[in-house]
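Engineer: Build me a structure from this.
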Amino acid sequence: MRNLKAEVVRNAAKLKGWDVILRDLCPEIDSRAFDKPGRHTKCPVHGVAGRGGDGFKFFRKDFQDSGGGMCNTCGTYPDGFSLLMWVKNYGFADAVADVGDFLGIRSTEDENQQEKVNRANEQALAARRKELEEKEAASNLYHSKKLNELWKGSLPLTHPDAEPARLYLASRKILCWDREGVERVVRFHPSLSSYNEDGEFEGDFPGIVAKVTKAGLPITLHRYFLTPKGLKAPVQSAKKMCMYPTDRLVTGGGIFVGAWDKEEIDVCEGLETAWAIETGTNFAVQVHSLVNATLLEGFEPGPRTKRVRIWIDKDRSGRGEEAGMNLKKRLWEKGIQAQILTPSLPLLEGEKSVDWNDVLVQLGCMGFPQMRRAA
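Structural biologist: As a prediction, the model looks like this:
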């Protein structure tokens with residue numbers, strides 16, 4: 001039967017749990033995504049061998065009830081039906097039918113019986129929602145407290161104890177870490193605890209912490225794990241975003257050192273890239289880091305902005321260029337002039353990516369466009 005009542009099936013899915021349903025219907029999805037909602041795993045659609053694509057996750061907040069998830073490249077799927085449509089590449093009616101078949105809802109008689117079951121369990125569902133809301137509130141309070149503690153424990157990059165950060169930035173030929181306004185956004189922390197995707201403790205390391213904000217409001221912190229000698233820490237991922245309260249939205253956010261709502265602004269992905277561009281252009285521009293390709297793609301300029309320069313990375317997957325082009329198209333549609341600048345270095349065999357920091361290290365200022373210094 002291909003015309004089941006979607007709301008009946010949806011409520012039945014909540015009773016059963018979308019985690020159980022999708023684990024069975026979508027063997028393409030890495031089981032680790034089910035074991036820990038919010039964990040990034042390989043995308044079931046584009047994450048093929050040799051291309052990477054580890055940007056998929058289920059929503060941490062309400063996966064059991066909603067069945068929703070997202071891929072950093074493919075987009076956001078707010079519920080289990082839309083996620084099935086994306087993974088299986090079929091229509092809404094087919095998604096409802098597949099879930100209904102799994103739940104034993106295949107006919108009008110089955111629907112009528114399930115409606116009775118749904119009504120009988122309304123109070124139980126309401127109680128579960130309340131329990132989830134209470135857990136979420138407690139979790140949000142915990143994450144807010146941890147973020148505040150982490151920031152309070154940080155030091156300016158100019159502090160004598162911040163030598164590991166200065167050594168690392170010097171190795172990347174970055175010279176603008178002490179400019180005005182940096183200490184309010186980017187700082188050094190003497191001891192950051194690192195955990196891998198499986199939740200296993202990897203050690204405590206010194207590192208750089210950067211405040212991620214949106215329209216001036218704090219969202220979370222981004223961490224760069226280092227060794228005492230200023231090298232990247234030997235961990236699964238040396239750059240990690242902290243967990244943050246679910247009532248905050250990171251999309252549209254970034255690491256903004258200085259005014260973000262100006263007539264002309266420059267944006268890129270990583271913080272090192274932003275500071276490399278500033279150094280390479282002899283401080284003619286101030287560049288805002290949007291952390292990664294997904295946040296670059298979703299960047300929302302301020303109401304005063306009329307021109308945006310987008311400094312992209314060259315990735316083997318093409319993700320950096322794709323994100324830059326999507327942002328440029330959207331900005332032009334809003335009436336904002338947008339320009340893309342691509343690293344002048346070629347992407348050699350065996351390299352995953354080339355960014356403007358690589359240009360600075362290999363070519364110095366000669367690898368950057370000549371720009372007039374802003375007043």
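Engineer: Now do the contacts for residue 368.
Structural biologist: Under the criterion of C-beta atoms under 8 Å, 6 or more residues apart in numbering, the contact partners of residue 368 comprise 277, 280-281, 356, 359-360. Glycine gets a C-beta too; all of them are placed from N, C-alpha and C.
Engineer: just residue 305 next, same as before
Structural biologist: In this structure, residue 305 makes contact with 261-265, 336, judged by C-beta under 8 Å, 6+ apart.
Engineer: Low-confidence stretches in the stretch 251-375 of the chain?
Structural biologist: Segments of the stretch 251-375 of the chain classed as low confidence (criterion: pLDDT under 70) are 371-375.
Engineer: Spell out, range by range, the strands that occur in it.
Structural biologist: Listed in chain order, the strands found in the stretch 251-375 of the chain under DSSP state E, counting those that start in this stretch are 264-268, 287-289, 307-311, 314-315, 337-341, 353-354.
Engineer: Tell me which of the ones you listed lies nearest to residue 254.
Structural biologist: strand 287-289 (5.5 Å; C-beta to C-beta).
Engineer: could you say what helices and strands the closest one packs with?
Structural biologist: When contacts are defined as 3 or more C-beta pairs under 8 Å, 6 or more residues apart in numbering; DSSP states H and E, strand 287-289 packs onto strand 264-268, helix 271-280.
Engineer: follow-up on the earlier one: what about the contacts of residue 368, which one has the most neighbours?
Structural biologist: Within those, neighbour counts (other C-beta atoms under 10 Å) peak at residue 356, which reaches 32 neighbours.
Engineer: Next one: that one from residue 130, what distance?
Structural biologist: When distances are taken as C-beta to C-beta, to the nearest Å, residue 356 and residue 130 turn out to be 49 Å apart.
Engineer: Domain ranges for the protein, per the record?
Structural biologist: 6-120, 156-250, 251-375 (automatic domain parsing).
Engineer: Let's have these in CSV, adding distance to residue 144.
Structural biologist: Formatted as CSV, the domains of the chain follow (distance: least, C-beta to C-beta, whole Å):
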stretch, distance to residue 144
domain 6-120, 15
domain 156-250, 6
domain 251-375, 16
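Engineer: Angles on the backbone of residue 24, please.
Structural biologist: phi -80, psi -40 (degrees, to the nearest 10).
Engineer: contacting residues for it?
Structural biologist: So residue 24 contacts residue 102 (C-beta under 8 Å, 6+ apart).
Engineer: Looking at the domains of the chain, which is nearest to residue 140?
Structural biologist: Within the domains of the chain, the stretch nearest residue 140 is domain 156-250; the backing value is 3.7 Å (C-beta to C-beta).
Engineer: how far does the closest one stretch from start to finish?
Structural biologist: Using C-alpha to C-alpha, to the nearest Å, the span of domain 156-250 from its first residue to its last is 24 Å.
Engineer: now do stretch 85-93
Structural biologist: First-to-last residue span, stretch 85-93, C-alpha to C-alpha: 9 Å.
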